[in-house]
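> Here is my input; please provide its structure:
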Amino acid sequence: MSKEAKALLEKLTAMGIPAKQLTGPHHDMVMTDCDIRIRRVSDGKEVLYKDDLLWSDDYGEPELCTYIWEEGNFSCDCNRENFFYDAMNIPRDKQPDNGCNIGDNEFQVEIKDLTGKVIYSDFPQTNL
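As a prediction, this is how the structure comes out:
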């Protein structure tokens with residue numbers, strides 16, 4: 001584990017934040033488990049998808065990197081659709097093959113860390 005990743009893992013542990021290391025020949029990262037609620041907008045059906053998010057402390061304080069879900073590859077409905085069906089344990093070869101032609105904003109996500117804190121959501125905000 002690199003010196004930087006080790007320091008970040010130690011910092012998160014001291015803060016009481018569950019984190020783990022992911023090491024390999026091309027990566028050295030600190031990750032944490034997250035719950036990702038995925039909603040299919042057309043019918044409101046929701047599923048819970050379990051995934052890891054990467055930690056960064058590039059700016060001095062640890063933060064979860066949500067970019068991939070906000071603007072990166074996982075913000076695309078074609079990927080979110082795959083994760084939606086993955087959460088229901090439907091094998092990829094049995095999932096609908098819509099390619100990347102299913103439209104925009106057909107799937108929304110809300111990401112919570114293991115404490116239940118929402119760290120990213122593109123669900124519509126409601127006024128109570």
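
> Going by C-alpha atoms from here, please, whenever you check contacts or count neighbours.
Noted.

> Each with direction, which strands does the helix or strand hosting Arg37 pair with?
Following DSSP states H and E, one finds Arg37 within strand 27-40. According to DSSP bridges, strand 27-40 forms sheet pairs with strand 20-24 (antiparallel), strand 46-56 (antiparallel), strand 107-113 (antiparallel).

> Deepest-packed of those, please.
Highest mean neighbour count of those: strand 107-113, a mean of 22 (counted as mean count of other C-alpha atoms under 10 Å).

> got the contact list for the very next helix or strand once past that one?
From strand 107-113 onward toward the C-terminus, using DSSP H and E, the following helix or strand is strand 118-121. Strand 118-121 is contacted from outside by 64, 66, 108-113, using C-alpha atoms under 8 Å, 6 or more residues apart in numbering.

> picking that back up, can you lay out the strands paired with strand 27-40 as a markdown table showing mean pLDDT and distance to Leu12?
Formatted as a markdown table, the strands paired with strand 27-40 follow (pLDDT from 0 to 100; distance: least, C-alpha to C-alpha, whole Å):
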| stretch | mean pLDDT | distance to Leu12 |
| --- | --- | --- |
| strand 20-24 | 72 | 10 |
| strand 46-56 | 89 | 9 |
| strand 107-113 | 93 | 13 |
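
> so which of the ones you listed gets nearest Asn79?
strand 107-113 (9.5 Å; C-alpha to C-alpha).

> Pull out the CA atoms of that closest one and give them to me as CSV.
Extracted in CSV, the C-alpha atoms of strand 107-113 (Å, rounded to 0.1, in the frame of the first residue of the first chain):
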residue,chain,number,x,y,z
PHE,A,107,-32.9,6.2,-13.8
GLN,A,108,-32.2,8.2,-10.7
VAL,A,109,-29.8,7.4,-7.9
GLU,A,110,-29.4,8.2,-4.2
ILE,A,111,-26.1,7.2,-2.6
LYS,A,112,-25.8,6.7,1.2
ASP,A,113,-22.7,5.9,3.2
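
> Work out the gap between that strand and the centre of the chain.
7 Å (C-alpha atoms, centre = their mean, to the nearest Å).

> same check, this time on stretch 47-61
7 Å.

> hey, which helix or strand in this structure has the poorest pLDDT?
Least confident helix or strand of the chain, by mean pLDDT, DSSP states H and E, is strand 20-24 with a mean of 72.
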